[in-house]
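**Student:** Build the 3D model from these lines:
(chains A, B and C)
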Amino acid sequence: MKKSLLWLLIVLLSVSMVATFSLAGCKEKTAEEEAVAEEEAAEAVPEGEQVTIKLTSWRTEDIERMNRINAVFMEENPDIIVDFQPIKDTEYDAQLTSSLETGVGADIIWLRSFDPGELIYNGGYISELNDVIPELADFPSAAINAWASDDGVIYGVPIAGVTHGVFYLGDIFEQYGLEEPATWAEFIDLCQTLKDNGETVFAQGTGDGWPLYEVIYSGLGANFYGGEASRQALMAGDMRLTDEPFVDAFKAVDELQQFFPSGYEAINYVAMQQMFGTRQAAMFIGGSWEIGIFRDAELDDLGWFAPPVENEGDTLQYCFHVDMGVGINKASKNYDAALRYLKWTSTPEFAQLFMENLPGFFSYTPNPTGEYILEDDVALDNLNAASGADLTVRTVWERMSRQEPSGNGMMEEALIKMYTDVLTPEEAAALVQDALNTWYEPFME
Amino acid sequence: MVGDRKKLMSSINKKKIRYFIPLFLASGIIIYTIFMVVPILNSMFLSFYTGEGMSTPTEFVGFRNYIRLFTQFPFKDRFINAFWNNVKFFLIVTLIQNVVGFFMAVLISRKFWGNKIFRRISFLPVTLSVLVVGFLFSLMLNPVWGIFDKILEFLRLGFLIRPWLGSTTTALPVIAIVISWQWMGEAILFYMAGIDGIDEEVLEAAKIDGAGPLAEIRYILFPSLLPVIGIVTILIFIGDFTQFDIIYAMATTRGNPTYSTDLFGSLFYRVTFQSAERGGWGMGMGAAVATIMFLIVFIGVIFWLYIFRMKGLKDKEGA
Amino acid sequence: MARTKKPLLTKSLIYIILSIYAVTIFYPIFLMLITSLKENKEIFTNPYGLPHVFTLDGYIKLLKISNYGIYFRNSIIVTVTSIFFILVISSLASFAIAKYRFFGKRFIYFYFIAGLIVPIKLGTIGILQTMIKLHLFDNITSLIIIYIAMGIPFGVFILTDFIRLIPEELSNSARIDGCSEPRIFYKIIVPLLQPALAAVAIVNFIPIWNDFWFPLILIRSDSMKTVPLATALLYGQYETNFGLIFAVLSMASLPVIIFYLILSRQFIKGLTAGAFKGE
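**Tutor:** Prediction:
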């Protein structure tokens, strides 16, 4: 007994000795490796040294796609190595802030639109772009505003927007002779038909709150609360979430609960994707960013329709959400290289590559030489729905989510509680409104 | 004789020895103080400040952080919610680990072939990381493809199926059961050690008096293992009131669904390190939460130590 | 003896209960391991049983897309180095506390012991700030230092008790031979201390190896990640890819499981020794 313990201790100690020394050793080694890498690089590119710039985003699912896009940049700029290192979306904001603050942040930073991105800018970590990238003046102002401060400082290049709507499996629709619904009543009828026939109607659950808020309420509810006009009025403090249009939207989306699958309370976002991707449900209320995932799942009969309007002939209130912008770290050690990359992101070349590789993300970059080519028909449907529609963004995303209790967080909580029958639609609306009343100035007057 | 020599020796060497004392103690005191004591005190200090960043506090605000924490929406609501969740979580885990741990230890302590093997098996989950256990069980409990519901159906218990991690009534108990599953081995180990310490003759005497197994548990094992219940409970208390990993893995840092599994650990992380849009309250508020957690743990442990009179136990066992 | 005459029924009942318990322990772990060896399709068609076709695809892909060599290297360096220093530092301090009389001795002892009931997590904000000031943010050295500080209270607690039990005569006879105090510590105390040192090492091993909290707060770069942090991030990244996700979980657990199975006797002994002194 004693011997074996002794033996254990000896092993432990000797390993620790080796490790302690190798700690120094390892570092030297990496330095050597870097030196070798640099030498190799120097051979490949005779003039000048190669520098590595680090990119970070919250889209960990895009690693392979982004690497394909960055490969094009590296080919054109052989002296720059682009390293894409995304962070899981739930940890992204926290990790990003602390990295920037401690000087270990990435060179190129993906910024969420409006409040979350502006918090980073207000921290003083990212550069102004107004003069550096003059092309930004030609971008649509709706997109620029999402990455600009109130006094007009632009800190992010708008990369892409996303849309919200309803995906469906064409084969199942065909089987029951169903057609894409235009109005809400048709939509509910369609759901009922599917349910009566024993199909699982939606791959939807309340395990995660954000799809309920971002996709269902902001996406499908916008037609009921009056889209952009009401959102602006809300932001200005002229309307409240407890006003009839917003409550109507809560009521309307609440109707969908009866078509959720059994056990939906525990179905989170990943489970939703998997359900629909494995054809276990007829429809999926989602965002255009999902197209790539469903393509990977080989859903050949994938179809899509825009959020159904309340009454026939209404104008579609379309949630075309500004989603991704890119900024540059002020403290970047390779600022010039990073800036070259950033400038590249504002070119039509990048926009075309981005839309090709990430179907469902739509660029704002103006294209003077002609139209972008969208190969994916579902992505094209998403984009085409925008023509003739009033565009808006997610309900309380702008300004109303700067502080805790944030509008976004409260919406998620309220909708989960509504869908699990803890709250009525009226109470859900009141929960968010009361929370915002505690700090959002236009509501405090 | 021996004692005399001892005194003599130590008096001879006293001066010579003295020189080494601070040297031997120094490294321990310095590291422990700088990286454990000072940071905890520093957190308390910071709870009186406010500021956006994490490296420097900016403005002294007195007790404002505490006042907000105890009176204002949503701070108060989240805090009180996490407190009661934590109390529930702690009670469930304590109950399961003590009851099941006790009986398993009693069973394993019987003399039969293979009891050592069971003892080792029971400890296996303790070596796994809480994170892995959390991820694994959330995969198993998933309503779409999870194997747990399928096993229930297979056993014709399908009617029991619930949205385990999605319902506010089941999520917290389910997570408490998972953590109990993982740490059961530790409770068993403590109880086994307690049982091993009981005088064999007492047990034999009870046998001869005709005590059945239940009477044996009731009159001999239970009273002598009372101090072990205290140890196990304190360990669970300290662990559960700072528990973070299992919530991160099974319910995200928001304590899904709708904060019903939010514990102090996840609350502390979220409010301190997340951005405002995701539920962050800033460093100062985070420090206030940490300070209250510290007081709860500290007072709680002192209370338990007092109740179970651990000093007496330690003298008995340590000798 | 009375015990051996127990009726067969009772004994089989014990076996049945314990076997059920063993199954609930083993099945989730077993499930994780076999699922990681299944093909993606089979995970859905044949979730319970052994795989029809064994495949290492999950592991191969995992090794390709991530730097497990680095994660394991970091975890091993952090765990082993911090345990080594915990042993050295706490045995030195314990020796001073247990064997000498000096002013403030009781206070210093209780100062150390107080760390047993105060979770270091509650000092995270302070630790973060200190590490930023020392330029140790995003560096595994910060983790090593924290774990040493975290392990000292328990180390001092166990080792002081243990050193007190070593007869003073041994040291004194060495002193008469002209040994210096550090030499007495090294030549006489340390060899006798080995079982206790092993207990301290084992008790510290599990929480240090599995710690997720401090890496989450302090580590950012891929080259500095430890296994638990990498596990959490990879899990989030590939949550939809089942073959891969079970490989991620197995990868994090297998080394510890094997380590435990080899040394389970020492684990139980060490922890039991620790249990009754600890807390």
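**Student:** The residue in chain C that chain B sits nearest to: which element?
**Tutor:** Nearest residue of chain C to chain B (Cβ to the nearest Cβ) works out as residue C:126 at 2.8 Å. C-beta coordinates here come from the backbone N, C-alpha and C atoms, glycine included. Take DSSP states H and E as the rule and residue C:126 turns out to sit in helix C:124-133.
**Student:** That helix vs chain A: in contact?
**Tutor:** Yes: using Cβ under 8 Å from any Cβ of the partner chain, helix C:124-133 reaches chain A at C:128, C:132.
**Student:** Check which helices and strands that helix sits against.
**Tutor:** Judged by 3 or more Cβ pairs under 8 Å, 6 or more residues apart in numbering or on different chains; DSSP states H and E, helix C:124-133 is in contact with helix B:38-46, helix B:264-273, helix B:283-308, helix C:213-218.
**Student:** Tell me which of the ones you listed approaches residue A:409 most closely.
**Tutor:** Judged by Cβ to Cβ, the one of these that comes nearest to residue A:409 is helix B:264-273, at 10.2 Å.
**Student:** Which elements pack onto the closest one?
**Tutor:** For helix B:264-273, the packing partners by 3+ Cβ pairs under 8 Å, 6+ apart are helix B:75-109, helix B:245-251, helix B:283-308, helix C:124-133.
**Student:** Pick the most buried one from these.
**Tutor:** Neighbour counts (mean count of other Cβ atoms under 10 Å in any protein chain shown) averaged over each of the helices and strands packed on helix B:264-273 peak at helix B:245-251, with a mean of 25.
**Student:** Average pLDDT for it, rounded please.
**Tutor:** For helix B:245-251, mean pLDDT rounds to 95.
**Student:** cool, stretch A:98-118 as well?
**Tutor:** 89.
**Student:** Let's see that stretch as PDB, backbone CA atoms only.
**Tutor:** The C-alpha coordinates for stretch A:98-118 follow below in PDB (Å, rounded to 0.1, in the frame of the first residue of the first chain):
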ATOM      1  CA  SER A  98     -12.800  41.500 -21.600                       C
ATOM      2  CA  SER A  99     -10.400  40.600 -24.400                       C
ATOM      3  CA  LEU A 100     -10.500  44.100 -25.700                       C
ATOM      4  CA  GLU A 101     -10.100  45.600 -22.300                       C
ATOM      5  CA  THR A 102      -7.000  43.500 -21.600                       C
ATOM      6  CA  GLY A 103      -5.500  44.000 -25.000                       C
ATOM      7  CA  VAL A 104      -5.800  40.500 -26.300                       C
ATOM      8  CA  GLY A 105      -8.700  41.200 -28.600                       C
ATOM      9  CA  ALA A 106      -8.900  40.200 -32.200                       C
ATOM     10  CA  ASP A 107      -8.000  42.700 -35.000                       C
ATOM     11  CA  ILE A 108     -11.200  42.500 -36.900                       C
ATOM     12  CA  ILE A 109     -14.400  42.400 -34.800                       C
ATOM     13  CA  TRP A 110     -17.900  41.300 -35.800                       C
ATOM     14  CA  LEU A 111     -20.400  43.700 -34.300                       C
ATOM     15  CA  ARG A 112     -24.000  43.100 -33.700                       C
ATOM     16  CA  SER A 113     -26.300  45.900 -34.800                       C
ATOM     17  CA  PHE A 114     -27.400  48.800 -32.600                       C
ATOM     18  CA  ASP A 115     -27.100  48.500 -28.800                       C
ATOM     19  CA  PRO A 116     -24.700  45.500 -28.400                       C
ATOM     20  CA  GLY A 117     -22.300  46.900 -31.000                       C
ATOM     21  CA  GLU A 118     -22.600  50.400 -29.700                       C
END
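**Student:** what's the offset of that stretch from the middle of its chain?
**Tutor:** Centre-to-centre, stretch A:98-118 and its host chain are 15 Å apart (Cα atoms, centre = their mean, to the nearest Å).
**Student:** which other helices and strands contact the helix or strand hosting residue A:319?
**Tutor:** Using DSSP H and E, residue A:319 sits in strand A:317-328. Here strand A:317-328 touches strand A:108-112, helix A:115-122, strand A:157-169, helix A:222-225, helix A:227-236, helix A:335-345, strand A:390-392, going by 3+ Cβ pairs under 8 Å, 6+ apart.
**Student:** switch to 6 Å and redo it
**Tutor:** strand A:108-112, strand A:157-169, helix A:222-225, helix A:335-345, strand A:390-392 (3 or more Cβ pairs under 6 Å, 6 or more residues apart in numbering or on different chains; DSSP states H and E).
**Student:** TSV please, covering the helices and strands packed on helix C:124-133 and showing mean pLDDT.
**Tutor:** TSV is the format used below for those (pLDDT from 0 to 100):
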stretch	mean pLDDT
helix B:38-46	92
helix B:264-273	94
helix B:283-308	90
helix C:213-218	95
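**Student:** Could I get the contacting residues of residue C:248?
**Tutor:** Going by Cβ atoms under 6 Å, 6 or more residues apart in numbering or on different chains, residue C:248 touches C:231, C:234, C:235.
**Student:** my guess is residue C:185 meets residue C:93, correct?
**Tutor:** No: using Cβ atoms under 6 Å, residue C:185 is not in contact with residue C:93; the gap is 11.2 Å.
**Student:** Comparing these two, which shows the higher neighbour count?
**Tutor:** residue C:93 (25 against 21; other Cβ atoms under 10 Å in any protein chain shown).
**Student:** wait, does the helix or strand containing that one contact chain B?
**Tutor:** Using DSSP H and E, residue C:93 maps to helix C:68-99. Yes: interface with chain B: helix C:68-99 contributes C:89, C:92, C:93, C:95, C:96 (Cβ under 6 Å from any Cβ of the partner chain).
**Student:** And for residue 70, the neighbour number?
**Tutor:** If you meant another chain, say so; for now it's chain A. Residue A:70 has 20 nearby residues by other Cβ under 10 Å.
**Student:** Oops, wrong one, chain B.
**Tutor:** Counted with other Cβ under 10 Å, residue B:70 comes out at 14.
**Student:** Give me the nearest residue to it, chain neighbours excluded.
**Tutor:** Once flanking residues are discounted, residue B:70 sits nearest to residue B:76: 5.9 Å by Cβ to Cβ, 6 or more residues apart in numbering or on different chains.
**Student:** what does residue B:271 give?
**Tutor:** Using Cβ to Cβ, 6+ apart, the closest residue to residue B:271 is residue B:281 (4.0 Å).
**Student:** picking that back up, now the strand holding residue A:319 against strand A:157-169, angle please.
**Tutor:** 140 degrees (axes from the mean of the first three to the mean of the last three Cα atoms, to 10 degrees).
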